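Asks: Kindly return the folded structure for what I paste below:
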Amino acid sequence: RKELEESASKARRSEMRYRTLFENVPAGIYRVSPDGKILAANSAFVKMLGFANTKELLTKNIKRNSFVDEEARLRFEKTLAERGAIRGFDTLWRTHNGTALYVRENANAVMNSDGTVRYYEGTIEDITARKRAQSAMKRQARELAAMVRELEKAKVVAESATRAKGEFLANMSHEIRTPMNAVIGMTSLLRDLDLTHEQADYVDTIRVSGESLLAIINDILDFSKIEAGRVELETRPVSVRSTIEGAVDLVAAKAAEKNIELVCDIGDEVPSSILGDSTRLRQIVVNLLSNSVKFTKRGEVVVTAAVKEHVGDELTIQVSVRDTGVGIPADRLGRLFKAFSQADSSTTRKYGGTGLGLAISKRLTELMGGRIWVESEHGTGSTFSFTFTASVDPAAEPEGIAGIQATLTGKSILVVDDNATSRRILSKSLEAWGMNAILCSTGEEAVRAVEEGTTANIVLIDRELPGIDGLRTSAEIAKILPSASFVMMSPFGRRETEDDESDAYRINKPVKLVRLYDALHAAIDSDYRRTHTDDDAPEINTQMGEDHPLRILIAEDNLINQKVALRLLERLGYKADVVANGLEALVSVRHVDYDIVLMDVQMPEMDGLEATRQLCKLYEKHERPRICAVTADAQASDRDACFEAGMDDYLSKPVRLDQIAEALQRAERRAIHGDPVSTEAKDGTDSSDSSDNS
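Replies: Residues are numbered from 1 along each chain as shown. Below you'll find the predicted structure:
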């Protein structure tokens, strides 16, 4: 009896443990008869199906009550009958109140001894949240896929629009440059005639207007390329000094017209050569200088360059352009570097421009690893600064003009210049060469100093001085110091007058260090040969055709541009044959041994690129004429296409007389020496119009 009681007690405890487990597990547990009657269910199962209590649920029949979709239930029963058990069967149930319930079901059949099914038992897990999340993810995936398809369509449309815009701008540039080539070419020829003052003024007005239009076209093309991400920076040896001084040259004439002192100060620590993109560096500097000259009525514009950071071979260089112009109100500074924006809408009406220059400069400085900013005070002036990163050129050679110079050391030099900034910068360079600089701001002060006993080996004097000018001052000083040599600094583009009888060495302002170096050495040593030629104002040799005869072919379909090219060549003493397309050019080259072909690119019948390819196939390089593109297609990609086709040189319309002269000189050197002449200078610039990059 005792054993029976213990056995019963164990059974009760076991049943209690089972019941506790049965009721408290989170999964729903059930037992169902073969005919569908619910025999047992735990609280989780009851709750999942939405019943108030177990008793109410046990009155239900799974087969008769629509808890499960009929098709899904039959599939479940078939699988269970065939396998005796089922795992991970996902299906949609409906709760007592009709709410959707996604469940994952595991079940097996409990058999009688005779092999018949006694009942089914199993578990269900509520996976509604998981299913909904999966459904949401699938929906989002479908939406994302649809969005990607739409974006791909939009990308195709955008790329098509970008191509169309690029083609439109390129075509617009070509169509405008072609007639502008005639306008500027003819004004260049007209300017050399014996014109009255009034006529010369008319011609200059046409020229300036034409060049302003070209500047606008170049800005729009550049901005379009930057926006499209099609600007790639070059990495070539670059002389920072030459590049900045070249930029200064481009605005020097305009500054001289307004009597603005233009000063350039390159720090001694700036390497003689770096690896970078000289074209883009010059473009930024030209943009800033042009703005400063435009908005400055009087005073000065000073450009400086200095190394801000030097780690190993990597440099950060800062270039600043300071002016004494109108300045910019603080509340308008934020507009400056935005496209098509200027500090004031009235600025466009008063000064002109597209408002793209600073936006382009900002994008370019960012591409060069730097930044650009402005400091300004309204009514006082502005300072625009930018930085860029570069590497030191490992093959760079010293400039030869830095440090103590044996010829100049110990020599006294009297500097007469009314601009304090110019005096300071000149004095710094002169003293670095070992010279003793005496500074005067006026002619009267200089004459008085010499009368009071100041001596000098050299007098460096500004021609444009207040009071008595540089010529009269030189004459007065020469009477007192007859052994002194004189170096005259003249405004850019200033022509010598008949009353200028002085034998002073002359250099242009703004002063380039290499020009000053040459002038001082020449003043001291009459046998000194210049190491740097003065190309500030290139002389045009009208007898060039006689001195260096060339056989020239012009391939140009536009009749007006044919006339311009012929007239420009005539100014240099040359005659040329003319054809109207590439096919005619091929025929002409077969019959005449030309030295150079000036080849337009866009021509009917056969364009210049294809004509060049054909010539390169027909003749070895040393047998064929030199081919120089003369084209209104001014983008870098157009230039590259010309060289890829086999051309040797490139000029961008509108073409100027000095550019044609330089191209013919390169052809003449090749004809003499029989070897190709590169069109690229050491700093990576090309022979096309520098305004194409401004």
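Asks: okay, CA-based contacts and neighbour counts for the rest of this
Replies: Noted.
Asks: Stretch 419-433: how far from the chain's middle?
Replies: On the basis of Cα atoms, centre = their mean, to the nearest Å, stretch 419-433 sits 34 Å off its chain's mean C-alpha point.
Asks: If Asp323 is in a bridge, with which residues?
Replies: Val301 (DSSP bridges).
Asks: quick one, what contacts it?
Replies: Listed by Cα atoms under 8 Å, 6 or more residues apart in numbering, the contact partners of Asp323 are 292-293, 296, 299-302, 381-383.
Asks: cool, and Met48?
Replies: 28, 95, 101, 126.
Asks: lowest average confidence, helix or strand, in the chain?
Replies: When the helices and strands of the chain are scored by mean pLDDT, DSSP states H and E, helix 345-351 comes last with a mean of 44.
Asks: What segments of the stretch 551-694 of the chain are helices?
Replies: 559-571, 582-591, 608-618, 636-645, 657-673 (DSSP state H, counting those that start in this stretch).
Asks: Nearest to Val238, out of those?
Replies: helix 636-645 (18.3 Å; Cα to Cα).
Asks: coming back round to it: between the contacts of Met48, which is nearest Asn561?
Replies: Among the contacts of Met48, and counting by Cα to Cα, the member closest to Asn561 is Leu101, at 83.4 Å.
Asks: Now for the closest one, how many residues are close by?
Replies: By the criterion of other Cα atoms under 10 Å, Leu101 has 20 neighbours.
Asks: And it, how close does it get to Thr409?
Replies: Counting by Cα to Cα, to the nearest Å, the separation of Leu101 from Thr409 is 99 Å.
Asks: and if you look at Val447?
Replies: Applying Cα to Cα to Val447 and Thr409 gives a distance of 24 Å.
Asks: Surely Val601 is in contact with Asp607?
Replies: Yes. Counting by Cα atoms under 8 Å, Asp607 is a contact partner of Val601 at 5.6 Å.
Asks: Of the two, which one has the most company?
Replies: Between Val601 and Asp607, Val601 has the larger neighbour count (other Cα under 10 Å), namely 25 against 19.
Asks: Spit out the contact partners of the more buried one.
Replies: So Val601 contacts 607-609, 629-631, 633 (Cα under 8 Å, 6+ apart).
Asks: And the pLDDT at it?
Replies: On the pLDDT scale, Val601 is placed at 90.
Asks: For the nearest residue to Phe388 once chain neighbours are set aside, which residues are in contact?
Replies: The shortest distance from Phe388 to any non-neighbouring residue, by Cα to Cα, 6 or more residues apart in numbering, is to Gly370 (4.3 Å). Gly370 makes contact with 386-389 under the criterion Cα under 8 Å, 6+ apart.
Asks: now do Leu520
Replies: Contacts for Leu520 were tallied using Cα under 8 Å, 6+ apart; they are 408, 458, 487.
Asks: so is it in a helix, a strand, or just coil?
Replies: helix (DSSP: H, G, I helix; E, B strand; the rest coil).
Asks: separation between it and Thr409?
Replies: Taking Cα to Cα, one finds Leu520 at 11 Å from Thr409.
Asks: which one of the contacts of Asp323 has the most neighbours?
Replies: Going by other Cα under 10 Å, Ser292 tops the contacts of Asp323 with 27 neighbours.
Asks: which SSE is it in?
Replies: For Ser292, the host element (DSSP states H and E) is helix 278-294.
Asks: Settle this for me: Ala44 is touching Tyr30, isn't it.
Replies: No. Look at Ala44 against Tyr30 with Cα under 8 Å: they stay out of range, at 9.7 Å.
Asks: Mutual contacts of the two, please.
Replies: With Cα under 8 Å, 6+ apart, Ala44 and Tyr30 have no common neighbours.
Asks: Poorly predicted segments of the stretch 1-150 of the chain, please.
Replies: 1, 5, 8, 11, 14-16, 18-22, 65-66 (pLDDT under 70).
Asks: for this protein, which helix is longest?
Replies: helix 128-191 (DSSP state H).
Asks: next SSE after that one?
Replies: Downstream of helix 128-191, the next assigned helix or strand under DSSP H and E is helix 197-227.
Asks: In the sheet, which strands lie alongside the next helix or strand along the chain from that next one, parallel or antiparallel?
Replies: The element immediately downstream of helix 197-227 (helix or strand, assigned by DSSP H and E) is strand 236-238. Its sheet considered, strand 236-238 pairs with strand 274-276 (antiparallel) by DSSP bridges.
Asks: Give me the contacts around the strand it pairs with.
Replies: 233-240, 390-393, 396.
Asks: Now do stretch 423-434, average pLDDT.
Replies: On average, stretch 423-434 scores 92.
Asks: Just send the contacts of Gly370 back as a markdown table, with distance to Gly545 and neighbour count too.
Replies: A markdown table is the format used below for the contacts of Gly370 (distance: Cα to Cα, whole Å; neighbours: other Cα atoms under 10 Å):
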| residue | distance to Gly545 | neighbour count |
| --- | --- | --- |
| Phe386 | 46 | 22 |
| Thr387 | 46 | 22 |
| Phe388 | 45 | 22 |
| Thr389 | 46 | 22 |
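Asks: what's the closest of the residues you listed to Ile217?
Replies: Using Cα to Cα, the contacts of Gly370 come closest to Ile217 at Phe386, 24.4 Å.
Asks: Let me see the contact set for the residue lying closest to the closest one once chain neighbours are set aside.
Replies: Closest residue to Phe386 apart from its sequence neighbours, by Cα to Cα, 6+ apart: Ile372 at 4.1 Å. Contacts for Ile372 were tallied using Cα under 8 Å, 6+ apart; they are 361-362, 365, 384-387.
Asks: May I ask which of these has the most neighbours?
Replies: Ser361 (25 neighbours).
Asks: so what's the nearest residue to that residue once chain neighbours are set aside up against?
Replies: Distances taken as Cα to Cα, 6+ apart place Ile284 nearest to Ser361, at 5.2 Å, with adjacent residues excluded. Shown in contact with Ile284 (Cα under 8 Å, 6+ apart): 360-361, 364-365, 694.
Asks: any chance of these in TSV, with distance to Ala107 too?
Replies: Formatted as TSV, these follow (distance: Cα to Cα, whole Å):
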residue	distance to Ala107
Ile360	73
Ser361	74
Leu364	71
Thr365	71
Ser694	81
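Asks: So of those residues, which two are at opposite extremes in space?
Replies: Thr365 and Ser694 (14.3 Å).
Asks: picking up where we left off before, tell me how far the helix holding Ser292 lies from the chain's centre.
Replies: 13 Å.
Asks: Against Ile507, how distant is the residue lying closest to Met489 once chain neighbours are set aside?
Replies: Spatial nearest neighbour of Met489, chain neighbours left out: Asp462 (4.7 Å); criterion: Cα to Cα, 6+ apart. Using Cα to Cα, we find Asp462 at a distance of 10 Å from Ile507.
Asks: Tell me which of those two has more neighbours.
Replies: Asp462 (27 against 21).
Asks: need the contact list for the more buried one.
Replies: Per Cα under 8 Å, 6+ apart, neighbours of Asp462: 416-418, 470, 488-490.
Asks: Now it: phi and psi?
Replies: Dihedral angles of Asp462 (phi, psi; degrees, to the nearest 10) stand at phi -80, psi 130.
Asks: how near is the residue nearest to Met489 to Val630?
Replies: Distance, Asp462 to Val630, by Cα to Cα: 40 Å.
Asks: same check, this time on Asp331
Replies: Distance from Asp331 to Val630, by Cα to Cα: 46 Å.
Asks: between these two, who's got more neighbours?
Replies: Val630 (28 against 8).
Asks: Hmm, the more buried one is touching Val597, no?
Replies: No. Look at Val630 against Val597 with Cα under 8 Å: they stay out of range, at 9.6 Å.
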